[in-house]
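Undergrad: sequence-free structure coming up:
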């Protein structure tokens, strides 16, 4: 960081991306986004103290996926095989099958009772 900007990595939040077009001489072109920690550290602390974890630090002028917040400071997402939306969808499908299947099952029962 200190070779690409006037700051040390401990002083800033940063993100980078490699650009598609190669630089002359076989060098890699990167776009660098930098923000001084001092400017936003107080805001991050206030938000976290109030129970609002910060997932992203970005701004209008950055590329769409830019996130200056280091991965270790981002809230951890739970890794579940089924999220709440998936469970609700399964529940709707099961209830829908019950609504459609119950009259058919009742009709077959009535027919079986009449045959006996």
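TA: Yep, it's here. Just so you know, these numbers come straight off a predicted model, no measurement behind them.
Undergrad: so where do the strands sit in the chain?
TA: All strands of the chain, identified by DSSP state E, fall at 12-18, 30-36.
Undergrad: highest average neighbour count across those strands?
TA: For the strands of the chain, the largest average neighbour count (mean count of other C-beta atoms under 10 Å) is found in strand 12-18, namely a mean of 16. The way it works is simple: take the backbone N, C-alpha and C, and place the C-beta from them, glycine included.
Undergrad: Report the inter-axis angle for it versus strand 30-36.
TA: Here the directions of strand 12-18 and strand 30-36 differ by 170 degrees (axes from the mean of the first three to the mean of the last three C-alpha atoms, to 10 degrees).
Undergrad: Which pLDDT value goes with the closest residue in space to residue 75 that isn't next to it in sequence?
TA: Spatial nearest neighbour of residue 75, chain neighbours left out: residue 53 (4.1 Å); criterion: C-beta to C-beta, 6 or more residues apart in numbering. pLDDT, residue 53: 81.
Undergrad: what is the mean pLDDT for the lengthiest helix in the chain?
TA: When the chain is parsed with DSSP state H, its longest helix is helix 84-115. Mean per-residue pLDDT for helix 84-115: 92.
Undergrad: quick one, domains of the chain?
TA: As assigned by automatic domain parsing, the chain contains the domains 9-73, 78-116.
Undergrad: Next, format those as JSON lines and append distance to residue 2.
TA: What follows is the domains of the chain, written out as JSON lines (distance: least, C-beta to C-beta, whole Å):
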{"stretch": "domain 9-73", "distance to residue 2": "7"}
{"stretch": "domain 78-116", "distance to residue 2": "36"}
